[in-house]
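Peer 1: got a predicted model here, sequence first, then my questions.
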Amino acid sequence: MLKKINVGLLVFVLSAVSGFGQDESLKALLETALQNNYGIRLARVNQEMAENQNTWGNAGFAPRVFMEGDYQQSIRESEQEFVSGGTQEVSGGKSDNLGASVGVEWTVFDGFKMFAERDKLQSEALRSKTNTRYYVEQTVQDLALVYYQLMQGREMMKELRLAYEISQKRYQLEQRRSEVGSGSALELYRAEINLNADSMQLVKYKAELRNFELEINRLIGTDLQNEIETGNDFNTRPGLDTEAMFEEVLTKNSDLSLAQLQQLIEEQNVKSQRGNLMPQVMLFGSYNFNRSTSDFGFLLNNRQFGPQFGVNLRFNLYDGGRERTAMQNAKLQAESAQISLEEKKNEISAAFFTAKENFVSAKQQLALSRQSAQQAEKLQKIALEQYKNGVITSLEFRQVQLEVLQAKLQVIESEYALKQNEVMLYRLSGSILDRLL
């Protein structure tokens, strides 16, 4: 059964991620993660154990069939005096006893506890299945976010390299000016300092990108030193029906579903505990065989065999209040689970509306940052020409260069923020596997 679930889950996820912006690199990473991620693998093992537990027998419906046997031998010193006045003394007398039985015990009534236990086992199996889905969704989200962080970092690296190349040209220009005597040591040193600063930025970002690759390899369960390929387009979707998505939060969010199942299990546990306060009726039957021999006593040989059956009624009249205390605690556990469910619903709703507001804000910031980046491109061309012609100073050009770089980086940051909140909305609405593009 587990294999069927896993195959179905894999096909479901792969059909979802195939639309993940048509990014084949991310799709391949997700496929690997579904097979190798440690959290998902552990969740599948736990799911299989819960499904194995979900049987009629574990709930208490099935009878218990057993077979027993024993053999005993003893050697005794015996001295017997009979009523008639006779005596018997036996030294080293042996006695043997052989017994065997085949029987069945079947509880036919236990205060409906077995029905509650059956429902509880089914709920626990469903909770385990939902927990597997939770880990799959969480892994898809974690992997997608760090993948987009890597993509963001690489896009930023491109802009930083361009800034470095401009700083390098500026330094070379100041060197030539200094060589022909038209420059100054101050401008040359300033250009060198700025070049080193840009170089340090590249080194810093390179280390951060490597850390993102390490995290991706950890999530997909492969060699940590593997290099990761990424696309170059965030494929953001600014138009989302967030109202419809919020309705899905209350019905499809796996974290909320887990809380609901836990609350249901606690209610079923109350019913199970209530059964302990009611009488228990059990049918039993067996076929017994017993043979004994003895060198002393009244009987030298005794053999008995035949069926035995009956009804057993048990009602616990007093046990120091343990069962009633367990019943009260079960009710309190159910109440606690209900409170936790309400808290979880409030927490997830708040997280959804926060992501929604951040999504709207990121969409507006992206539009503005793109406008600024377009103007910054024009500004950079003008400033570069003016710097070459000596119209503006090296310090003024550096200021323009930083402003242009910041404008370009802001576009990349806004794209990532928009995609990040998009992923969060899909995750919270429980639709990350079939709606994320």
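Peer 2: Yep, that arrived. Residues are numbered from 1 along each chain as shown.

Peer 1: quick check: which ranges of the stretch 151-300 of the chain have low pLDDT?
Peer 2: Across the stretch 151-300 of the chain, the ranges flagged by pLDDT under 70 are 236-238, 295-300.

Peer 1: can I assume Asn54 is in contact with Lys120?
Peer 2: No. Using Cβ atoms under 8 Å, Asn54 makes no contact with Lys120, being 9.6 Å away. Where C-beta positions appear, they are placed from N, C-alpha and C, glycine not excepted.

Peer 1: residues in contact with the residue nearest to Gln122 when sequence neighbours are not counted?
Peer 2: Counting by Cβ to Cβ, 6 or more residues apart in numbering, Asn54 is the residue found nearest to Gln122 once chain neighbours are left out, at 5.9 Å. Taking Cβ atoms under 8 Å, 6 or more residues apart in numbering as the definition of contact, the neighbours of Asn54 are Leu121, Gln122, Glu124, Ala125.

Peer 1: pipe those into CSV and attach distance to Glu137 per row.
Peer 2: As requested, the contacts of Asn54 are arranged in CSV below (distance: Cβ to Cβ, whole Å):
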residue, distance to Glu137
Leu121, 25
Gln122, 23
Glu124, 20
Ala125, 19
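
Peer 1: returning to that earlier point: just the pLDDT for the residue nearest to Gln122.
Peer 2: On pLDDT, Asn54 comes in at 92.

Peer 1: now the one 5 residues further on
Peer 2: At Ala59, the model reports a pLDDT of 90.

Peer 1: for it, the count of nearby residues, please.
Peer 2: Counted with other Cβ atoms under 10 Å, the burial measure for Ala59 works out to 20 neighbours.

Peer 1: just checking: what are the partner strands of the helix or strand Leu98 falls within?
Peer 2: Mapping Leu98 onto the secondary structure by DSSP states H and E places it in strand 87-109. Listed by DSSP bridges, the sheet partners of strand 87-109 and their directions read strand 64-81 (antiparallel), strand 280-294 (antiparallel).

Peer 1: any idea which of those is most buried?
Peer 2: strand 280-294 (a mean of 16; mean count of other Cβ atoms under 10 Å).

Peer 1: what's next to that one, contact-wise?
Peer 2: The contact list for strand 280-294 (Cβ under 8 Å, 6+ apart) reads 93-111, 299-315.

Peer 1: how about the helices of this protein, start to end?
Peer 2: With DSSP state H as the criterion, the chain has helices at 2-17, 24-36, 38-53, 56-59, 113-180, 185-220, 242-252, 254-275, 322-388, 394-428, 432-435.

Peer 1: okay if I get these as CSV plus distance to Glu89?
Peer 2: Output for these, formatted as CSV (distance: least, Cβ to Cβ, whole Å):
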stretch, distance to Glu89
helix 2-17, 70
helix 24-36, 80
helix 38-53, 61
helix 56-59, 55
helix 113-180, 58
helix 185-220, 84
helix 242-252, 87
helix 254-275, 58
helix 322-388, 54
helix 394-428, 89
helix 432-435, 87
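
Peer 1: for Ser84, which of those is the nearest?
Peer 2: Nearest to Ser84, of all the helices of the chain, is helix 322-388, at 55.6 Å by Cβ to Cβ.

Peer 1: isn't Asn226 up against Glu213?
Peer 2: Yes. The pair Asn226 and Glu213 qualifies as a contact (Cβ under 8 Å) at a distance of 7.4 Å.

Peer 1: more neighbours: the two, which one.
Peer 2: Between Asn226 and Glu213, counting by other Cβ under 10 Å, Glu213 is the more crowded of the two (19 against 12).

Peer 1: from Met151, how far off is the nearest residue to the more buried one once chain neighbours are set aside?
Peer 2: Closest residue to Glu213 apart from its sequence neighbours, by Cβ to Cβ, 6+ apart: Ile228 at 4.7 Å. Plainly put, Ile228 is 10 Å away from Met151 if you go by Cβ to Cβ, to the nearest Å.

Peer 1: can you check Ser257 too?
Peer 2: Note on Ser257: its distance to Met151, by Cβ to Cβ, is 31 Å.

Peer 1: between the two, which has more neighbouring residues?
Peer 2: Per other Cβ under 10 Å, whichever of Ser257 and Met151 has more neighbours is Met151, with 25 against 19.

Peer 1: pull the contacting residues for that one.
Peer 2: Met151 makes contact with Thr230, Gly231, Asn232, Phe234, Tyr416, according to Cβ under 8 Å, 6+ apart.

Peer 1: let's see that with 10 Å instead.
Peer 2: Residues counted as contacts of Met151 (Cβ atoms under 10 Å, 6 or more residues apart in numbering) are 23, 25-26, 209, 212, 228, 230-234, 412, 415-416, 419.

Peer 1: now, which of these sits nearest Thr251?
Peer 2: The shortest distance between Thr251 and any of the contacts of Met151, using Cβ to Cβ, involves Lys419 and amounts to 25.0 Å.

Peer 1: surely the closest one meets Ala144?
Peer 2: Yes. Shown here, Lys419 and Ala144 form a contact pair, counting by Cβ atoms under 10 Å, at 8.5 Å.

Peer 1: thinking again about what came up before, in PyMOL, select just the buried ones from the contacts of strand 280-294.
Peer 2: Only the buried members of the contacts of strand 280-294 end up in this PyMOL selection, burial being decided by 16 or more other Cβ atoms under 10 Å:
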select buried, resi 93+95+101+103+107+110+111
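
Peer 1: orientation of the strand holding Leu98 relative to helix 113-180 in degrees?
Peer 2: Counting by axes from the mean of the first three to the mean of the last three Cα atoms, to 10 degrees, strand 87-109 lies at 70 degrees to helix 113-180.

Peer 1: so what angle separates the directions of strand 87-109 and helix 254-275?
Peer 2: Direction vectors for strand 87-109 and helix 254-275, defined by the same axes, to 10 degrees, enclose an angle of 130 degrees.

Peer 1: how about strand 87-109 as CSV, C-alpha atoms only?
Peer 2: Extracted in CSV, the C-alpha atoms of strand 87-109 (Å, rounded to 0.1, in the frame of the first residue of the first chain):
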residue,chain,number,x,y,z
THR,A,87,1.3,-46.7,55.8
GLN,A,88,3.2,-46.3,52.6
GLU,A,89,6.8,-45.1,52.1
VAL,A,90,8.3,-44.4,48.8
SER,A,91,11.9,-43.4,48.3
GLY,A,92,12.8,-41.6,45.1
GLY,A,93,9.3,-41.7,43.8
LYS,A,94,8.7,-40.2,40.4
SER,A,95,5.7,-38.3,39.1
ASP,A,96,5.0,-37.0,35.6
ASN,A,97,2.4,-34.5,34.4
LEU,A,98,1.7,-33.7,30.7
GLY,A,99,-0.8,-31.1,29.7
ALA,A,100,-1.9,-29.4,26.5
SER,A,101,-4.8,-27.2,25.3
VAL,A,102,-6.0,-25.3,22.3
GLY,A,103,-8.3,-22.4,23.1
VAL,A,104,-9.9,-19.2,21.9
GLU,A,105,-10.9,-16.0,23.7
TRP,A,106,-13.1,-13.4,22.1
THR,A,107,-14.1,-10.1,23.6
VAL,A,108,-17.6,-9.4,22.3
PHE,A,109,-18.3,-6.3,24.4
